[in-house]
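Undergrad: Just the structure for this:
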Amino acid sequence: MTPTTATTTPFPNHVLTSSPSDFTVLQAANSALNRMIESATPLPTPARKFVRTLTTAAEKLYTRTSILQERTEAQEKLLANRQQRASGRRSVIKGKFLLSTPEIHSDVLLAEANTKNNKRRKCI
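TA: Residues are numbered from 1 along each chain as shown. Now for the predicted structure:
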């Protein structure tokens, strides 16, 4: 009987193919890869495969982050538009600090009347 020697590699196949990845195993594999690169020796085949898989995962993460960032910006823009009221009394007094002038009072009354008319139209 010949003893079989199991070679252990710091680059297990499941590191980047599983979702979600086990971060501690990923860190250990990255550390081993960095040591191999610093030693300036040719990289073994498992290390080369790991580099290819790692760069693919980085590209996927970048794409996912970009998409999420665009969604977040669109949602923030939509939320900001919802929060701004552009009709009625708010539009009349927006940016004005002295609200007791007759012009502003008449504009507010006119805006309230328009709002009531619009509500009546919606009910009919």
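Undergrad: Check which residues of the longest helix along the chain are buried.
TA: Criterion DSSP state H: the longest helix present in the chain is helix 45-83. Neighbour-count burial for helix 45-83 flags Pro46, Ala47, Phe50, Thr53, Leu54 (criterion: 16 or more other Cβ atoms under 10 Å). C-beta coordinates here come from the backbone N, C-alpha and C atoms, glycine included.
Undergrad: before we move on, what about stretch 22-30?
TA: Neighbour counts over stretch 22-30 (16+ other Cβ under 10 Å) mark Val25, Ala29 as buried.
Undergrad: average pLDDT for that stretch?
TA: Mean pLDDT, computed over stretch 22-30, is 79.
Undergrad: Same question for stretch 53-69.
TA: For stretch 53-69, the per-residue pLDDT averages 88.
Undergrad: Take it, keep the C-alpha atoms, and write them as PDB.
TA: Only the C-alpha atoms of stretch 53-69 are listed here, as PDB (Å, rounded to 0.1, in the frame of the first residue of the first chain):
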ATOM      1  CA  THR A  53     -11.800  33.900 -10.100                       C
ATOM      2  CA  LEU A  54     -10.900  36.800  -7.900                       C
ATOM      3  CA  THR A  55     -10.900  39.300 -10.700                       C
ATOM      4  CA  THR A  56     -14.200  38.000 -12.000                       C
ATOM      5  CA  ALA A  57     -15.700  38.400  -8.600                       C
ATOM      6  CA  ALA A  58     -14.300  41.900  -8.300                       C
ATOM      7  CA  GLU A  59     -15.900  42.800 -11.600                       C
ATOM      8  CA  LYS A  60     -19.300  41.400 -10.500                       C
ATOM      9  CA  LEU A  61     -19.100  43.300  -7.200                       C
ATOM     10  CA  TYR A  62     -18.200  46.500  -9.000                       C
ATOM     11  CA  THR A  63     -21.200  46.100 -11.400                       C
ATOM     12  CA  ARG A  64     -23.500  45.200  -8.500                       C
ATOM     13  CA  THR A  65     -22.300  48.300  -6.600                       C
ATOM     14  CA  SER A  66     -22.800  50.500  -9.600                       C
ATOM     15  CA  ILE A  67     -26.300  49.300 -10.100                       C
ATOM     16  CA  LEU A  68     -27.200  49.700  -6.500                       C
ATOM     17  CA  GLN A  69     -25.700  53.200  -6.400                       C
END
